[in-house]
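> give me a 3D structure for the following:
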Amino acid sequence: MLVEEVCCQAATGVEYRSMRRGEAASGPPASTNEETMTQSTRKTSETAKSGPKAHLIDMDGVLITGNQAIPGAAEFLNRLRAAGAPFMLLTNNSRLTPHDHHARLQSLGLEIEADCIFTSALATSRFLHRQRPGGSAYVIGEAGLTTAMHDIGYRLTEHEPDYVVLGETNTYSFATITTAVRLIQGGARFIATNPDVVGPTDQGQVPACGAVAAMIQAATGVQAYFVGKPNPLMMRSALRQLGAHSENAVMIGDRMDTDIAAGIESGLETILVLSGVTSEEDVERYPYRPDRILKSVAQIKP
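Residues are numbered from 1 along each chain as shown. Down below sits the predicted model:
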């Protein structure tokens with residue numbers, strides 16, 4: 001990756017850093033025999049499957065709602081740290097950068113480092129960097145998405161872009177949507193950060209990325225590829241950054257169609273909290289169920 005991947009271990013603050021692309025690997029010399037390497041790989045795998053469970057945590061509706069922290073959220077994070085359980089926030093909210101999310105959460109009394117926040121914008125930019133390094137895109141979104149695209153060296157343009165990338169914004173305009181439609185009709189590939197059709201605000205739910213993507217899909221006949229939850233891509237990226245294994249990880253969310261679906265499809269334990277958009281009655285409408293249903297993270301004891 002062009003951007004250094006960093007994540008946190010909750011209890012000690014230890015950072016696990018992956019190599020930059022092209023960076024020389026450190027470790028045993030080339031003469032290390034195959035048996036030693038196999039034993040090392042086995043030991044790493046066993047470590048990832050043991051110890052405290054890694055927690056992947058949705059943000060809106062789980063830790064915060066609007067401009068308020070959910071009661072018990074700060075204490076829940078403290079319990080994770082005390083138990084030595086690694087955790088990472090996974091949010092489909094692509095509007096803000098991890099540093100912006102950190103500042104927002106801090107203002108609400110929740111201390112979570114930017115390195116422990118993984119957004120659908122980051123997942124999207126990393127996916128595009130793997131698919132077509134150094135490409136170009138027409139982007140509809142805010143700083144969280146445009147910054148992530150700049151960080152991978154993408155050129156943002158309206159002139160024959162490789163991709164149209166749709167993210168979250170509070171100011172969707174007919175003009176930008178029309179431009180996106182014309183570019184897709186002209187051959188640009190259609191990517192969207194997340195499939196959420198509505199998002200929570202202090203004034204109630206508002207149309208979100210999935211709803212706008214549906215409009216563009218209807219106008220072009222081209223289906224978007226959604227990178228964020230419930231796409232397992234985002235889950236695997238987070239687990240790799242935590243050095244965790246799916247068999248020893250749990251997904252906590254408030255949405256059945258993204259959080260819980262993503263956890264199930266990735267082989268994680270799943271916990272649905274009822275502090276967000278999903279009610280207990282809503283669960284019966286789905287062909288799958290979470291492992292546990294709780295009122296809020298205040299009831300979770302790692």
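> centre of the chain to stretch 52-71, how far?
Chain-centre distance of stretch 52-71: 13 Å, with C-alpha atoms, centre = their mean, to the nearest Å.
> need the contact list for the nearest residue to residue 137 once chain neighbours are set aside.
Spatially, and ignoring its direct neighbours in sequence, residue 137 is nearest to residue 163 (4.3 Å; C-beta to C-beta, 6 or more residues apart in numbering). (Each C-beta comes from the backbone N, C-alpha and C, glycine too.) Residues counted as contacts of residue 163 (C-beta atoms under 8 Å, 6 or more residues apart in numbering) are 128, 132, 135, 136, 137, 138, 188, 189, 190, 191.
> for the last one, give me phi and psi.
Torsion angles at residue 191 (phi, psi; degrees, to the nearest 10) stand at phi -120, psi 140.
> mind listing what it touches?
124, 127, 128, 137, 163, 164, 165, 166, 224, 225, 227.
> looking at strand pairing, list the partners for it.
residue 165, residue 225 (DSSP bridges).
> please apply the same query to the fifth one.
When bridges are called by DSSP bridges, residue 137 pairs up with residue 156, residue 163.
> what's the neighbour count on it?
25 (other C-beta atoms under 10 Å).
> I figured it hits residue 158, correct?
No. Counting by C-beta atoms under 8 Å, residue 137 does not reach residue 158; the two are 10.1 Å apart.
> residue 157 and residue 138 touch, don't they?
Yes. With contact defined as C-beta under 8 Å, residue 157 reaches residue 138; the gap is 6.6 Å.
> these two: who's more crowded?
Using other C-beta under 10 Å as the criterion, residue 157 and residue 138 rank with residue 138 on top: 22 against 13.
> which residue, other than its chain neighbours, is closest to the more buried one?
Counting by C-beta to C-beta, 6+ apart, the nearest residue to residue 138 once its immediate chain neighbours are dropped is residue 161, at 4.5 Å.
> follow-up on the earlier one: adding pLDDT and distance to residue 89, write the contacts of residue 163 out as JSON lines.
Compiled in JSON lines, those are given as follows (pLDDT from 0 to 100; distance: C-beta to C-beta, whole Å):
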{"residue": "128", "pLDDT": "98", "distance to residue 89": "22"}
{"residue": "132", "pLDDT": "98", "distance to residue 89": "28"}
{"residue": "135", "pLDDT": "98", "distance to residue 89": "28"}
{"residue": "136", "pLDDT": "98", "distance to residue 89": "30"}
{"residue": "137", "pLDDT": "98", "distance to residue 89": "25"}
{"residue": "138", "pLDDT": "98", "distance to residue 89": "28"}
{"residue": "188", "pLDDT": "98", "distance to residue 89": "31"}
{"residue": "189", "pLDDT": "98", "distance to residue 89": "28"}
{"residue": "190", "pLDDT": "98", "distance to residue 89": "27"}
{"residue": "191", "pLDDT": "98", "distance to residue 89": "22"}
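> what's the pLDDT at the residue nearest to residue 138?
Per-residue confidence (pLDDT) for residue 161: 98.
> how many neighbouring residues does it have?
23.
> do you know how far it is from residue 68?
39 Å (C-beta to C-beta, to the nearest Å).
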